[in-house]
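In: Generate a structure from the sequence data that follows.
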Amino acid sequence: MKIYTSRKTSSLLVHSRVPPVSHRPNKIPRNKLKHLFLSAVEAALETGELPSRKHGWKAVFSKFIDLMGPDCSWYPSHAEVARKAKVSERTAWAAINALESIGLIRVEARYIYDHEKSKTVRTSNLYEVVVTKAQRAIAILAGTARKAKEAAKRQWAAASRSSMLEWGRRVIHHLPATAAEDPQLNIFKKGNQAEPIRNWSHNEWLEYCQRGNPTS
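Out: Take a look at the predicted model:
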């Protein structure tokens, strides 16, 4: 557990992503951290920052924090949260995204290098619980920047795919038509047929092989 304090204010940001291999005792117990999170959620529901009538969202919030590990490591998948809350994966994603949008949590993408694909792929998210208003503003800015970066990546990927498709269409469009594509034409032209066997002498065959121009 990491606790950050500001010199100007007594702002507190609780980092809940303690590595699972770490056996360092937490300064804030998991139960206390869960209580702070749920209290912040209830306050956001009362003020309208979080929609209280969204179907399944309250269950998502409760099960989401329950999936925090004993050492306060917290990186459940959307599918796991959805299964625990008995909602769709889309509902779970929307509820968690709303938490980040108002600064109650911070999200950091986790990546791993895939040797089979020879590239870095995203595996899951690390979550942090934000418990003060001062740090919520920072969390909101961080979430906005992260989403903008991910949106730019998606747009770039979509533009690349579109460019490749357009390039493929242009190549096919400019390919010359072949005789086989026109049913009115005889694709078995005389020039494409095998040359008939000729009864040449030995010397004529030698001259044909050497010059490629048989004698008449």
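In: Run the chain-centre distance for the lengthiest helix in the chain.
Out: Identified as the longest helix of the chain according to DSSP state H is helix 133-173. Chain-centre distance of helix 133-173: 10 Å, with CA atoms, centre = their mean, to the nearest Å.
In: Only the buried residues of the very next helix or strand once past that helix, if you could.
Out: Downstream of helix 133-173, the next assigned helix or strand under DSSP states H and E is helix 202-211. Within helix 202-211, no residue counts as buried by 16 or more other CB atoms under 10 Å. From N, CA and C alone the C-beta is placed, and that goes for glycine too.
In: Mind checking the pLDDT average for helix 202-211?
Out: Across helix 202-211, the average pLDDT comes to 74.
In: Then stretch 130-137?
Out: Rounded mean pLDDT across stretch 130-137 is 86.
In: And stretch 91-101, by the same measure?
Out: For stretch 91-101, mean pLDDT is 95.
In: quick one: Met164 from Ala158, how far?
Out: 11 Å (CB to CB, to the nearest Å).
In: For Thr91, what are phi and psi?
Out: phi -70, psi -40 (degrees, to the nearest 10).
In: Could I get the pLDDT score of the residue lying closest to it once chain neighbours are set aside?
Out: Among residues not flanking Thr91 along the chain, Gly56 sits closest, at 4.9 Å (CB to CB, 6 or more residues apart in numbering). On pLDDT, Gly56 comes in at 93.
In: any low-confidence regions in the chain?
Out: Counting by pLDDT under 70, the chain contains low-confidence ranges at 1-27, 168, 170-198, 212-216.
In: Tell me which residue lies nearest the centroid of it.
Out: Arg122 (6.3 Å; CA atoms, centre = their mean).
In: Assign a three-state SS to that one, would you?
Out: strand (DSSP: H, G, I helix; E, B strand; the rest coil).
In: so it touches Arg110, yeah?
Out: Yes. Arg122 lies in contact with Arg110 (CB atoms under 8 Å); the separation is 7.0 Å.
In: follow-up on the earlier one: bridged to the residue nearest to the centre of the chain, which residues?
Out: Counting by DSSP bridges, Arg122 forms beta bridges with Tyr111.
In: what's it in contact with, if anything?
Out: Ala109, Arg110, Tyr111 (CB atoms under 8 Å, 6 or more residues apart in numbering).
In: What is the nearest of these to Ala94?
Out: Comparing the contacts of Arg122 against Ala94 with CB to CB places Ala109 closest, at 18.0 Å.
In: Throw the contacts of Arg122 into TSV and include neighbour count, thanks.
Out: TSV is the format used below for the contacts of Arg122 (neighbours: other CB atoms under 10 Å):
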residue	neighbour count
Ala109	12
Arg110	11
Tyr111	11
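In: Out of these, which is nearest to Lys149?
Out: For the contacts of Arg122, the nearest to Lys149 is Ala109 (9.6 Å; CB to CB).
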